[in-house]
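A.B. asks: Sequence isn't available, so here's the structure alone:
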């Protein structure tokens, strides 16, 4: 019963989370369109970019997140190169997009980005008869940071945005591709499907606190 209740809570959390992500992305694009057009095509390059908002030689692209952590942990917030990327459930995601982060339109490999993310672990919260034992119980929050390369599946300006994958062991991968993370031929980490397992930290897993965001 407790696991069922937790799963229901997590499902509701995921739905709310994705709705908020979509609203944030839509609001951002609305603002951009009001200023200069959201992802307007540059006449000189033929690539999609909001003119006037991105320096010459760069493009703007969205950020999306996919969780591979399980049902007992989520990502309340994360940043890519200090650009807020929204939040993510611990299992799945990838349907919401946050605008925007700038990339070079002709990047030289490798392109490194710094990802900072916060985890929210609820595995220590106890339930009895579908009720929280301690009404003051809160998830355990920790900050982590990693500098990783962007994996380009398509040239800059030809993709659908950045997909940030949060993996067990405080690992993260960032992919720039045209297809969604749930696609059968997606080149990045396999999309999490089926019932979410409870997150089990690795024996040598250590948090990497971030002093500043």
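C.D. replies: In hand now; what should we look at? What you see is a predicted model; the values in this text were computed from it and never measured. Residues are numbered from 1 along each chain as shown.
A.B. asks: What residues of stretch 152-161 count as buried?
C.D. replies: Residues of stretch 152-161 classed as buried: 152, 156-157, 159-161 (neighbour count, 16 or more other Cβ atoms under 10 Å). The C-beta positions use only the backbone N, C-alpha and C, and glycine is treated the same way.
A.B. asks: would you turn the residues you listed into a markdown table with secondary structure?
C.D. replies: Output for the buried residues of stretch 152-161, formatted as a markdown table (DSSP: H, G, I helix; E, B strand; the rest coil):
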| residue | secondary structure |
| --- | --- |
| 152 | strand |
| 156 | coil |
| 157 | coil |
| 159 | coil |
| 160 | coil |
| 161 | coil |
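A.B. asks: Out of those residues, flag the one nearest to residue 190.
C.D. replies: Checking those against residue 190 with Cβ to Cβ, the nearest one is residue 160 at 18.2 Å.
A.B. asks: circling back: nearest to residue 120, of the buried residues of stretch 152-161?
C.D. replies: Nearest to residue 120 among the buried residues of stretch 152-161, with distances taken as Cβ to Cβ, is residue 161, at 24.1 Å.
A.B. asks: my guess is that closest one contacts residue 174, does it?
C.D. replies: No. Assessed by Cβ atoms under 8 Å, residue 161 is found out of contact with residue 174, at 10.7 Å.
A.B. asks: State the distance from residue 178 to residue 155.
C.D. replies: Distance of residue 178 to residue 155, computed by Cβ to Cβ, to the nearest Å: 10 Å.
A.B. asks: now residue 83
C.D. replies: The spacing between residue 83 and residue 155, counted by Cβ to Cβ, is 21 Å.
A.B. asks: any idea where the helices of the chain begin and end?
C.D. replies: 2-35 (DSSP state H).
A.B. asks: how about the strands in it?
C.D. replies: Assigned by DSSP state E, the strands in the chain fall at 58-68, 73-80, 83-88, 91-93, 98-104, 112-121, 127-128, 131-132, 140-152, 162-167, 171-176.
A.B. asks: Distance to residue 193 and mean pLDDT added to those strands, as TSV?
C.D. replies: Shown next, in TSV, are the strands of the chain (distance: least, Cβ to Cβ, whole Å; pLDDT from 0 to 100):
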stretch	distance to residue 193	mean pLDDT
strand 58-68	11	93
strand 73-80	18	94
strand 83-88	16	94
strand 91-93	8	90
strand 98-104	24	90
strand 112-121	22	94
strand 127-128	26	82
strand 131-132	29	82
strand 140-152	21	94
strand 162-167	14	95
strand 171-176	18	95
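A.B. asks: Which of the ones you listed sits closest to residue 197?
C.D. replies: Of the strands of the chain, nearest to residue 197 by Cβ to Cβ is strand 91-93, at 8.2 Å.
A.B. asks: helices or strands up against that closest one?
C.D. replies: helix 2-35, strand 58-68 (3 or more Cβ pairs under 8 Å, 6 or more residues apart in numbering; DSSP states H and E).
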